[in-house]
Every structure is written in structure tokens, then in C-alpha cells.
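In: below is the sequence, then the predicted model.
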Amino acid sequence: AGQGRLPSPERVRVRAVNTDFTLSWAHGSSEPNVTFSAQLQWPELKDGGWQELPGCQAVAGTSCDFSSAISEYYDAHYVRVRAQAGPLVSPWSEILEMVPEDIAQIGPPGLELQSTNGVIKVKVSPPEANQRKKMWIDDLSFKYNLVFWQNSSDAQLQSKNIFPVDTVDDLAPDSTYCFKVQANLPREAKQGLFSPISCVKTTQKAVNDLLCATNLSVLALNMKFHLLWDAQENQEVNYSVQYLLGFWKKLNDDYSDKWLSVPRCENITSTWCNFSSIITTTGFYYLRVQAREGHNKSCFSREVRVDPLKTNGIGPPGVRLDLSDTLLHILISPPGGAEDEVMRDHYDLSYRILYWKNSSDKEEEVKQKEVKQTIATVPDLSPSTLYCVKVQAFSEPYNKSSAYSQQECIHTPAGTPLALIISGIFMGALLVVLLVATPLVFALYQACNKIKYVFFPSCQPPLNIEGFAAQSFSSPYLSPAEESVENCCVIESMITEEGNEIVFTDYKHSKQSSRDSGNYSNDDNTSGSKGSKETLEKEMV
């Protein structure tokens with residue numbers, strides 16, 4: 001029954017700075033001796049239920065520190081609060097859900113100042129330096145924003161993005177300047193709290209400014225880098241160029257001993273230095289010039305930053321023209337030459353081509369085309385015309401473009417009359433037909449002669465082999481059947497004068513024997529008959 005007499009705490013909030021967590025609430029009860037207690041629920045707890053929140057039990061005020069209870073910063077936590085006055089206990093407040101990393105603010109970083117030789121050296125330490133528990137794991141991801149002003153009635157705030165170890169120059173000598181710094185995480189859209197304000201007084205410069213190199217500038221074209229500067233005195237001064245790898249400045253340590261000398265740029269009297277030998281496409285660099293007069297006087301110039309691919313300029317490409325038929329071929333050489341792999345591989349170059357007819361009697365329109373390749377063609381050329389071309393290289397990823405190349409021109413040959421062109425085409429086609437048709441007709445003629453000779457010969461075979469040929473072709477693989485042999489008997493009778501029958505002659509003739517002889521002739525039979533007749537006549541006489 002007593003629970004209804006005390007109202008629940010309202011507007012429960014959690015404030016987090018780094019790993020420090022503070023729970024706060026509001027309560028409108030007029031009861032004396034009211035205390036408050038809070039509970040925490042975290043899914044990773046063993047029983048998964050509500051547990052008393054350490055540091056927030058029987059608290060007399062409206063806030064408590066529960067930093068020791070939070071060890072996981074990326075999980076959801078749930079908090080509730082209730083009030084108690086003697087036997088009276090209020091209902092629990094509304095449950096507050098919070099993810100520590102989402103609500104945490106970046107705490108103020110540390111700041112150290114040192115005034116020397118007219119400049120202020122600044123050293124910044126990360127927000128959670130030397131702490132065992134950290135909300136922000138990667139100290140190197142912080143970006144520091146320094147705000148400073150001269151401590152005077154009409155002070156104007158100035159801001160500067162700095163590295164953990166940096167310098168501030170261009171300050172009035174013998175003047176007091178105040179500084180504060182904050183750490184930010186741009187990728188997470190988090191801005192930190194400013195450090196406490198620190199003030200320091202500047203000093204006079206120990207070295208004459210007229211000795212220092214001034215107006216440092218970098219001239220870079222096609223990955224060839226030169227540092228230029230101005231000398232203020234006419235007397236003999238030696239210069240040495242030094243460089244620093246950019247990543248050293250991102251660290252929280254002092255990098256004063258990390259500067260290196262540029263080869264062939266030590267103790268020189270000229271006011272320029274070729275430092276291409278130290279450049280790579282990864283990272284960035286800082287350069288400075290040390291001027292030295294005699295043995296004691298020395299002065300360092302301001303530093304200049306070099307980001308190779310951003311600082312470098314793209315030179316004009318080379319152009320060569322060629323003609324074939326009605327096409328103009330444009331051959332492009334990449335900036336830096338074909339052997340320059342950095343220009344070709346890192347800039348993803350494209351080419352903008354301008355071409356036009358260079359006619360003196362009228363102004364011709366300049367046409368444009370863009371290509372990725374180093375070869376381009378222009379079709380439909382006019383005869384007896386001077387064509388001019390110039391090319392520009394550009395890189396869309398780096399938003400860079402070169403100057404246009406020198407103008408190159410080429411003259412197309414004179415045109416040929418249409419009738420002559422048609423005649424030439426006709427004669428050429430006719431010649432091709434003749435060259436192809438003549439061997440073909442000759443081959444067909446020879447083939448016809450062969451076929452006619454084999455199947456239709458001009459001379460007839462002898463009669464005695466015609467039948468043999470017919471039999472052979474009718475059955476080329478079988479021997480002819482044996483013919484039956486008919487025996488014939490020829491009886492010749494002769495009556496002598498005495499009336500007696502004198503001779504009976506038996507003539508047997510075999511067709512087979514006739515065939516064996518090869519030829520069958522009637523002359524043989526006639527001669528045989530004649531011989532028999534003569535014999536008979538002799539006997540009769």
C-alpha cells in the first residue's frame with residue numbers, strides 16, 4: 001500500500017565521457033530522506049535478470065557513477081531507478097536502453113605547450129592516454145583541432161588542424177597566446193570535448209629571418225619533383241634539404257630526429273633541389289630547407305607537404321598522325337613516355353582530341369572526341385585538305401588535366417575523279433574474273449577430254465573382241481561359263497569312174513579347237529577341200 005505514495009523517478013539519463021558513466025534522474029517528491037537505487041539488465045548476465053547497479057544503491061542525490069559496472073561497450077544495456085523513503089517504495093521508472101559506445105563522448109585530450117625561437121611547439125596526448133580501459137581503441141584515428149587566440153581585448157579565434165606533435169608560427173613576439181584542443185573522429189561523426197585552456201608567452205627569434213629560405217614551392221610534372229625557394233641575402237649561404245615521411249607525424253611521439261637529407265641536395269648554393277629519387281606513390285612527405293651561414297648561424301624554413309599523386313601535374317601527351325584510305329589515325333604517347341608506369345597505372349588517363357580542317361578561306365568547326373586508348377581514328381576525310389590535331393590528357397579520379405599538345409597537321413592526297421574510280425573498279429573486277437575463270441575453264445576442258453576418251457573412244461575395237469568386252473564388263477569378277485562342244489562329222493563322197501565308192505573321209509571340227517587357235521578362218525577349210533580334190537584327181541588318172 002505504501003508503494004503508491006512515492007512517485008517514480010523521471011527523465012532517467014546516462015551521460016558517458018570515454019569510459020566514465022553517470023546515471024541521472026529527476027524526482028518531485030517532498031518526502032525527506034528519500035534515497036534512490038538502480039538496477040541493470042544486460043543480456044550477457046548469467047541469469048539474464050535485473051541486478052543491483054554498483055555505485056547506485058541508496059543514493060541520496062539524483063545521480064550516481066556506475067563506470068565500474070560497464071565492461072562491454074558495444075552491447076545494449078537496460079537501466080531502471082526507484083525511490084525509497086523509509087518504508088515507502090516507489091514503482092520502477094521507465095526502462096532506459098543504452099549502448100555505451102553510441103552515447104559516449106570523446107573526452108578532452110592532453111595539451112602541452114613550449115615557446116621557443118618565436119614559435120609555439122604543441123604536443124597533444126590522446127583522450128584516454130595511460131588508461132587501462134579504453135572506449136576508443138585506435139589512438140591514431142583521432143584528428144585534432146587546435147583553437148588559439150592572442151590574449152588581448154580584441155582577440156580573434158583561429159583554428160588549425162594539427163598533428164599530435166606540431167608547431168604554431170606567425171605569432172607576434174613577446175605576446176601571450178591561449179590554446180585549447182579537441183579530438184575528433186570524422187568517420188564516426190563524433191566531436192570531442194575541448195581541453196582546459198592553456199596560455200604561453202612567445203619569445204623573440206634567435207636567428208635573423210633574412211637567413212631563412214622563404215616561399216617554398218613544389219614544381220612536379222610527370223612524377224619529376226623539384227623544390228624551389230627564395231634566398232633573402234646576397235651573401236654566401238649553403239642550403240640543405242631535408243624530408244620527413246608523413247606517417248611519423250601521425251604518431252604521438254616526437255619526430256624531430258626522423259628528418260633525413262635529400263641525396264645531392266646537401267650544402268648546395270642553388271635555390272632548387274630535385275627530390276624525385278625519394279618519392280613513391282604511397283604516403284606523403286614533408287620537406288624543409290636548412291640555411292647555414294658560417295658555423296653557428298642556422299635557420300629552418302617552414303615545412304611544405306607533398307602528396308605525390310595530388311601534387312604532381314600531368315604533362316601534355318605526344319601526338320603523331322598517319323593516313324590510310326579515308327581514315328586519319330591519331331597515335332598518342334602518354335605523358336611521361338610509354339615507360340612511365342606511374343602515370344599510366346595510377347591516373348587512369350583519358351584523352352580529349354580536338355581536330356579541324358585548317359582552311360584559310362573559311363573558319364572550320366573544331367570537333368572533339370574523347371578516348372581511353374592511345375589510338376584514335378577520324379573517318380570521312382576530304383581530299384586535298386589540311387587536317388590539324390591537338391590532344392589533352394586528363395584524369396577524372398584526380399580531377400587533373402594537362403595542357404594541350406603541340407598542334408600537328410597532315411595533308412590528305414588529291415581526290416580521284418568519280419568516272420576514273422568507277423573504271424578502275426570495273427577493270428579490277430574484270431581482271432579478277434579473268435584470273436579466276438581461265439584456270440577453271442582449262443581444267444574443265446581437260447576433264448571433259450579425259451571422260452570422252454575413256455567412255456566414248458573415237459576408234460572401234462575389233463569385232464572378235466567386242467563380245468568379249470561386253471562379257472567382261474557385264475561380269476568383271478566371274479570367268480565365262482564353259483560352252484558345250486558339238487562334234488560335227490562331214491562326209492565327202494566321191495564316185496570313181498569304176499563306180500565304186502572310194503573314200504569316206506571323216507572331218508571332225510571342234511568349236512573349242514577353233515576357239516583355242518584364236519581365229520576361226522574359212523580359208524583353212526577351203527584349202528583343205530582343195531587338197532583332197534587334187535589327191536582324188538591324181539588317183540583317177
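Out: Now that the structure is in, tell me what you want to look at. Numbers count the residues shown, from 1 in each chain.
In: what sits against Thr412?
Out: Leu323, Leu328, Leu381, Ser382, Pro383, Ser384, Thr385, Leu386, Tyr387 (CB atoms under 8 Å, 6 or more residues apart in numbering). C-beta here means a position set from N, CA and C on the backbone, and glycine is covered the same way.
In: ok, the fourth one to Ile410 distance?
Out: Plainly put, Ser382 is 13 Å away from Ile410 if you go by CB to CB, to the nearest Å.
In: joint contacts of these two?
Out: With CB under 8 Å, 6+ apart as the test, Ser382 and Ile410 reach no residue in common.
In: re the thing from before, highest neighbour count among the contacts of Thr412?
Out: Neighbour counts for the contacts of Thr412 (other CB atoms under 10 Å) peak at Tyr387, which has 21 neighbours.
In: re earlier: please flag which of the contacts of Thr412 sit within strands.
Out: Counting by DSSP state E, the part of the contacts of Thr412 found in strands is Leu323, Leu328, Leu386, Tyr387.
In: so how far is Val389 from the residue nearest to the second one when sequence neighbours are not counted?
Out: So that's Leu328. Counting by CB to CB, 6 or more residues apart in numbering, Leu328 lies nearest to Val378, which is 4.0 Å off, once chain neighbours are set aside. For Val378, the distance to Val389 (CB to CB) stands at 8 Å.
In: swap in Pro457?
Out: For Pro457, the distance to Val389 - CB to CB - is 75 Å.
In: same check, this time on Leu331
Out: Taken as CB to CB, the span from Leu331 to Val389 is 10 Å.
In: got any residues that touch both of those two?
Out: Taking CB under 8 Å, 6+ apart as the contact rule, Leu331 and Val389 both touch Val319, Leu321.
In: so if I had to pick from the two, which one is more boxed in?
Out: Neighbours were counted for Leu331 and for Val389 using other CB under 10 Å; Val389 has more, 21 against 13.
In: list the helices and strands the helix or strand harbouring that one packs on?
Out: Under the criterion of DSSP states H and E, Val389 resides in strand 386-395. Secondary-structure packing of strand 386-395 (3 or more CB pairs under 8 Å, 6 or more residues apart in numbering; DSSP states H and E): strand 318-324, strand 327-333, strand 350-357, strand 400-401, strand 408-411.
In: identify each buried residue in the strand or helix carrying Leu23, please.
Out: With elements taken from DSSP H and E, the one containing Leu23 is strand 20-26. Of all the residues in strand 20-26, those buried under the rule 16 or more other CB atoms under 10 Å are Asp20, Phe21, Thr22, Leu23, Trp25.
In: packing partners for it?
Out: Where contact means 3+ CB pairs under 8 Å, 6+ apart, strand 20-26 is packed against strand 10-17, strand 63-65, strand 77-85.
In: mean neighbour count, these: which tops it?
Out: When the helices and strands packed on strand 20-26 are scored by mean count of other CB atoms under 10 Å, the highest mean neighbour count falls to strand 77-85 (a mean of 21).
In: can you list the strands that that strand pairs with?
Out: Sheet pairing of strand 77-85 (DSSP bridges) gives strand 35-41 (antiparallel), strand 88-89 (antiparallel), strand 96-98 (antiparallel).
In: which strands and helices sit next to the following helix or strand past the longest one?
Out: Going down the chain from strand 35-41, the next helix or strand is strand 51-52, by DSSP H and E. Secondary-structure packing of strand 51-52 (3+ CB pairs under 8 Å, 6+ apart): strand 35-41.
In: so which bits of the strand it packs on are buried?
Out: Under 16+ other CB under 10 Å, the buried positions of strand 35-41 are Phe36, Ser37, Ala38, Gln39, Leu40, Gln41.
In: OK, contacts around the first one?
Out: It refers to Phe36. 9, 25, 27, 56, 58-62, 64, 81-84.
In: for the nearest residue to it once chain neighbours are set aside, the count of nearby residues, please.
Out: Leaving aside its chain neighbours, Phe36 sits nearest to Val59 (5.0 Å; criterion: CB to CB, 6+ apart). Using other CB under 10 Å, Val59 has 19 other residues around it.
In: quick one, what contacts Val59?
Out: Val59 makes contacts with Thr35, Phe36, Ser37, Ala38, as judged by CB under 8 Å, 6+ apart.
In: one more: Gln39?
Out: Per CB under 8 Å, 6+ apart, neighbours of Gln39: Trp50, Gln51, Glu52, Leu53, Val79, Arg80, Val81, Trp92.
In: helix or strand with the lowest mean pLDDT in the protein?
Out: The least trusted helix or strand in the chain, going by mean pLDDT, DSSP states H and E, turns out to be helix 511-517, with a mean of 42.
In: for the stretch 201-350 of the chain, what are the low-confidence residue spans?
Out: Across the stretch 201-350 of the chain, the ranges flagged by pLDDT under 70 are 207-208, 234, 296, 338-339.
In: can you give me the strands in it?
Out: Assigned by DSSP state E, counting those that start in this stretch, the strands in the stretch 201-350 of the chain fall at 214-221, 224-230, 238-245, 260-261, 272-274, 285-293, 297-300, 304-306, 318-324, 327-333, 350-357.
In: closest to Leu113 out of those strands?
Out: Closest to Leu113 of the strands of the stretch 201-350 of the chain is strand 297-300 (CB to CB; 19.6 Å).
In: now that closest one: buried residues?
Out: Cys299, Phe300.
In: thought Gln41 was touching Tyr78, still the case?
Out: Yes: in terms of CB atoms under 8 Å, Tyr78 counts as a neighbour of Gln41; the distance is 4.2 Å.
In: between the two, which contacts overlap?
Out: Joint contacts of Tyr78 and Gln41 (CB under 8 Å, 6+ apart) are Ile95.
In: CA-only coordinates of stretch 301-320, as PDB, when you get a sec.
Out: What follows is stretch 301-320, C-alpha atoms only, in PDB (Å, rounded to 0.1, in the frame of the first residue of the first chain):
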ATOM      1  CA  SER A 301      62.300  27.200 -43.300                       C
ATOM      2  CA  ARG A 302      58.700  26.400 -43.000                       C
ATOM      3  CA  GLU A 303      57.600  22.900 -43.900                       C
ATOM      4  CA  VAL A 304      55.900  22.100 -47.100                       C
ATOM      5  CA  ARG A 305      53.700  19.000 -47.600                       C
ATOM      6  CA  VAL A 306      54.000  16.800 -50.700                       C
ATOM      7  CA  ASP A 307      51.300  14.300 -51.500                       C
ATOM      8  CA  PRO A 308      52.800  12.800 -54.700                       C
ATOM      9  CA  LEU A 309      49.800  11.900 -56.800                       C
ATOM     10  CA  LYS A 310      47.900  15.000 -55.800                       C
ATOM     11  CA  THR A 311      50.900  17.400 -56.100                       C
ATOM     12  CA  ASN A 312      52.100  16.000 -59.400                       C
ATOM     13  CA  GLY A 313      51.000  17.700 -62.600                       C
ATOM     14  CA  ILE A 314      50.100  15.900 -65.900                       C
ATOM     15  CA  GLY A 315      52.200  17.000 -68.900                       C
ATOM     16  CA  PRO A 316      50.900  17.200 -72.400                       C
ATOM     17  CA  PRO A 317      50.900  13.900 -74.400                       C
ATOM     18  CA  GLY A 318      52.800  13.300 -77.600                       C
ATOM     19  CA  VAL A 319      50.900  13.100 -80.900                       C
ATOM     20  CA  ARG A 320      51.700  11.500 -84.300                       C
END
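In: how far is that stretch from where the chain is centred?
Out: Remark: stretch 301-320 is offset 22 Å from the chain centroid, using CA atoms, centre = their mean, to the nearest Å.
In: what comes up buried for that stretch?
Out: Neighbour-count burial for stretch 301-320 flags 301, 303-304, 306, 308-309, 311-319 (criterion: 16+ other CB under 10 Å).
In: check stretch 340-355 too.
Out: Under the neighbour-count criterion of 16+ other CB under 10 Å, stretch 340-355 has Val342, Met343, Arg344, His346, Tyr347, Leu349, Tyr351, Arg352, Ile353, Leu354, Tyr355 buried.
In: surely the fourth one touches Thr282?
Out: Going back to what we said before, that points to His346. No: taking contacts as CB under 8 Å, His346 lies outside contact range of Thr282: 10.5 Å.
In: sorry, back to before: can you tell me what sits against the strand holding Leu23?
Out: 9-16, 36, 38, 53, 56, 62-67, 69-70, 79, 81, 93, 100, 107.
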